[in-house]
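Chemist: dropping a prediction and its sequence here:
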Amino acid sequence: MTSLSLLLIYLHNLQRQQDGYDAVDIRPLIFSARFGEKSFNLDVPERTPIMEALYSGKQYDAADQPESVRTILARYQDIEANFPDTLKGPVLPFFLDWLTENVNLVEITAYSDDDAYTIFETMNDRGLSLTPTDMLKGYLLANIDDGHKESASAVWKERMRQLGELGKEEDADFVKAWLRAKYAASIRERKKDAVNQDFERIGSSFNKWVKDKRPALGLNTSADFRDFVERRFDRYSRHYLRARQAALTLTPGLEYVYYNAHNYFTLQYPLLLAPILPDDDGETAERKMRLVAGYLDIFIARRIWNFRTLAYSSIVYTMFNLMREIRDKSVPELVTILRQKVDEMWETFASNTRFQLHRQNRYQVHYLLARITRHIEECSGVPSSFATYVDRTLKKPFEIEHLWADNFERHRDEFDSAYDFAEYRNRIGGLVLLPR
């Protein structure tokens, strides 16, 4: 409807510019006059100023306007840029006649919210599909009574706008992290022909999963759906935004989130959200995130040190079980669980006395050296920056250097073979970070 309205406004303006040709009056398709007042047929209050400006052919600054307003202006400019020249001039009235006489709009009436959503979902499978996030929004809002629909929609739009500013897929990534953290009860078994469970289904089609799991999520009444959006969605999206910002910029108190993100540990986000309760205050929520991120920092460092992979497929099962174990736990309970997890880890720094640089772990060794360097400098009262030590965009980035030159002949009195020399030369104690 919005696209069609914009096209009609453009065609109306195009006719005004083409003097000498017979005009087709399409104004009634754009706006209507009732009780002496004109209103656009697509009557959305926040869009009225932009629609009036476009209809009048005036310039409009949408920089500080809501996303929908900015999108309307951008799409109108697309129509201006892409409307074919072959339909301008004397042929334009014939095109308008064809458009108004041969394009039909069909109204479909649904007699229940479930029917409305089914139609919405089915129609969306044709043409350019909406995203799962859009589909989830449609389902949730359809089940909220009209008196509260607007406020729930406003919460959803604002959070999605903030997530969108972080990245293109952040909205979907948040929903996956949130639903997995708080509601996923099962994961696919690690055997042949196993079927997808909650964890995988949320990752592929969370909008359908929410609909199927409606009773388990406590979504029975309009009030439940409203609480799901205005309280649960709102608060967990705030925590997720906080975590993602800490992943992008080293933040006091949440440094471990940044370190884990540097190791591309994307599973940390559902784990960070898992123990947080909807009514936790900001300080409690941040303390829980710090505890979980700190545990993951230990987990990652010990895996690296013991030449264990951090590949998603290798650790997702372990992380899912941890997610369920720490879900909704208080700070004292969380401390107890994570302390026990650390004590039970067989991978320690003492379990590998021959950690060294090799062809496949240069990135991880660089990371560990950056952490060690930062720690020593801070404890020594020297200005330090982990972000600088790992930044590859610098003109002279920091690189791994050996304290011993690659010259076995100098060390024949210490090593029986070049192989032994190379192994010792590549050990962590013989490596430093230096600017290129």
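Modeler: Right, received. Where do you want to start? All figures in this text were calculated on a predicted structure; none of them were measured in a lab. Residues are numbered from 1 along each chain as shown.
Chemist: now do K176 against T393, distance only.
Modeler: Distance of K176 to T393, given as Cβ to Cβ, to the nearest Å: 29 Å. Heads up, the C-betas are built off the backbone N, CA and C, glycines and all.
Chemist: over to R235?
Modeler: 35 Å.
Chemist: returning to what we had before: who has more neighbours, K176 and T393?
Modeler: Between K176 and T393, counting by other Cβ atoms under 10 Å, K176 is the more crowded of the two (22 against 5).
Chemist: kindly format the C-alpha coordinates of the host helix or strand of the more buried one as PDB.
Modeler: K176 belongs to helix 170-182 when assigned by DSSP states H and E. The C-alpha coordinates for helix 170-182 follow below in PDB (Å, rounded to 0.1, in the frame of the first residue of the first chain):
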ATOM      1  CA  GLU A 170      21.700  -7.900  14.600                       C
ATOM      2  CA  ASP A 171      18.000  -8.000  15.000                       C
ATOM      3  CA  ALA A 172      17.800 -11.700  14.000                       C
ATOM      4  CA  ASP A 173      20.900 -12.500  16.000                       C
ATOM      5  CA  PHE A 174      19.400 -11.000  19.100                       C
ATOM      6  CA  VAL A 175      16.100 -12.900  18.800                       C
ATOM      7  CA  LYS A 176      18.000 -16.200  18.300                       C
ATOM      8  CA  ALA A 177      20.300 -15.500  21.300                       C
ATOM      9  CA  TRP A 178      17.300 -14.400  23.500                       C
ATOM     10  CA  LEU A 179      15.100 -17.400  22.700                       C
ATOM     11  CA  ARG A 180      17.900 -19.900  23.000                       C
ATOM     12  CA  ALA A 181      19.100 -18.400  26.300                       C
ATOM     13  CA  LYS A 182      15.700 -18.400  28.000                       C
END
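Chemist: and it, average pLDDT?
Modeler: Helix 170-182 shows a mean pLDDT of 96.
Chemist: try stretch 58-65
Modeler: Mean predicted lDDT for stretch 58-65 stands at 85.
Chemist: relative to the whole chain's centre, how far out is that stretch?
Modeler: In terms of Cα atoms, centre = their mean, to the nearest Å, the centre of stretch 58-65 is set 27 Å apart from its chain centre.
Chemist: not counting its own residues, what contacts that stretch?
Modeler: P49, I50, A53, L54, V69, R70, I72, L73 (Cβ atoms under 8 Å, 6 or more residues apart in numbering).
Chemist: which strands or helices does the helix or strand hosting the third one pack on?
Modeler: In this case it means A53. Secondary structure from DSSP H and E places A53 in helix 48-56. Counting contacts by 3 or more Cβ pairs under 8 Å, 6 or more residues apart in numbering; DSSP states H and E, helix 48-56 packs against helix 2-17, helix 67-82.
Chemist: so what's L241 closest to, chain neighbours aside?
Modeler: Closest residue in space to L241, ignoring its immediate chain neighbours: Q162 at 5.9 Å, by Cβ to Cβ, 6 or more residues apart in numbering.
Chemist: for L334, see how far away D280 is.
Modeler: 12 Å.
Chemist: do you know the pLDDT at K38?
Modeler: For K38, pLDDT reads 75.
Chemist: what is in contact with D280 and L334 at once?
Modeler: Residues touching both D280 and L334 (Cβ under 8 Å, 6+ apart) are K288.
Chemist: against F320, how distant is the residue nearest to E80 when sequence neighbours are not counted?
Modeler: Nearest non-adjacent residue to E80, counting by Cβ to Cβ, 6+ apart: Y10, 6.5 Å away. To F320, Y10 is 51 Å away according to Cβ to Cβ.
Chemist: neighbour count winner among those two?
Modeler: Between Y10 and F320, F320 has the larger neighbour count (other Cβ under 10 Å), namely 21 against 17.
Chemist: hang on, isn't the more buried one packed against A184?
Modeler: Yes: if you go by Cβ atoms under 8 Å, F320 and A184 touch, sitting 7.3 Å apart.
Chemist: per-residue pLDDT, the residue located most distally from the centre of the chain?
Modeler: The outermost residue of the chain, judged against the average C-alpha position, is D413 (57.0 Å), by Cα atoms, centre = their mean. As predicted, D413 sits at a pLDDT of 94.
Chemist: using the three-state scheme, assign it.
Modeler: Put simply, D413 is coil when judged by DSSP: H, G, I helix; E, B strand; the rest coil.
Chemist: about what we covered before: now the helix holding A53: buried residues?
Modeler: Buried residues in helix 48-56, counted by 16 or more other Cβ atoms under 10 Å: I50, M51, A53, L54, Y55.
Chemist: low-confidence ranges, this structure, go.
Modeler: The model of the chain has pLDDT under 70 over residues 19-22, 124-129.
Chemist: try 80
Modeler: For the chain, the stretches flagged by pLDDT under 80 are 18-23, 33-38, 112-130.
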